[in-house]
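Visitor: here is my input, please return the structure:
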Amino acid sequence: MQVRGLLLLLALILLAATAEAGKNKKEKAKKDGSECEDWRWGPCVPNSKDCGLGYREGTCKDESKKLKCKIPCNWKKKFGADCKYKFESWGGCSAQTGVKTRSGILKKALYNAQCEEIVYVTKPCSSKIKSKSKGQSPPLLS
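Guide: Predicted coordinates:
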């Protein structure tokens, strides 16, 4: 019976510590000195070249802030790093153009970015012929 009481006491202590930690996080968020809730954020501007670490500027009334951000170096420049899309599978190869196409539907626009609802991407058709029997050895002849 004492073990059960000890476990209950330990659980209550952990619960109280977790609740206190949650309060501290909320207080820190409010201590940034801003009461403004309608922030307008600009695009992520890389520090050098066109990808990597950079910053994003935000404004709200008379206030302005800079946030650190990162643009992946494999991002689709045409869409912007703040526009996230759900893409379909690649379509068949067009014999006329030698490219295949797929479309993407907007999933999320970060920092109120201006994003197109549907985008289309193309890529050259592969000249390699893929074999269907990957990982299998050829049949033995007797």
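
Visitor: could you chop this protein up by domain?
Guide: Following the TED database, one gets these domains for the chain: 35-72, 73-125.

Visitor: next, format those as a markdown table and append mean pLDDT and mean neighbour count.
Guide: To be clear about C-beta, it is placed using only N, CA and C from the backbone, and glycine gets the same treatment. Converted to a markdown table, the domains of the chain look like this (pLDDT from 0 to 100; neighbours: other Cβ atoms under 10 Å):
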| stretch | mean pLDDT | mean neighbour count |
| --- | --- | --- |
| domain 35-72 | 88 | 13 |
| domain 73-125 | 88 | 13 |
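
Visitor: closest to Gln2 out of those domains?
Guide: domain 35-72 (51.3 Å; Cβ to Cβ).

Visitor: what about that closest one, start to end distance?
Guide: For domain 35-72, the first-to-last residue distance is 32 Å (Cα to Cα, to the nearest Å).

Visitor: ok so, going back, now tabulate the domains of the chain in a markdown table and tack on distance to Gln2.
Guide: Output for the domains of the chain, formatted as a markdown table (distance: least, Cβ to Cβ, whole Å):
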| stretch | distance to Gln2 |
| --- | --- |
| domain 35-72 | 51 |
| domain 73-125 | 53 |
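
Visitor: so where do the strands sit in the protein?
Guide: Taking DSSP state E, the strands of the chain run over residues 40-41, 45-46, 52-60, 63-71, 83-87, 99-109, 118-124.

Visitor: so which of those is nearest Arg4?
Guide: strand 99-109 (47.2 Å).

Visitor: neighbouring strands - and their directions - for that closest one?
Guide: Counting by DSSP bridges, the strands paired with strand 99-109 are strand 83-87 (antiparallel), strand 118-124 (antiparallel).
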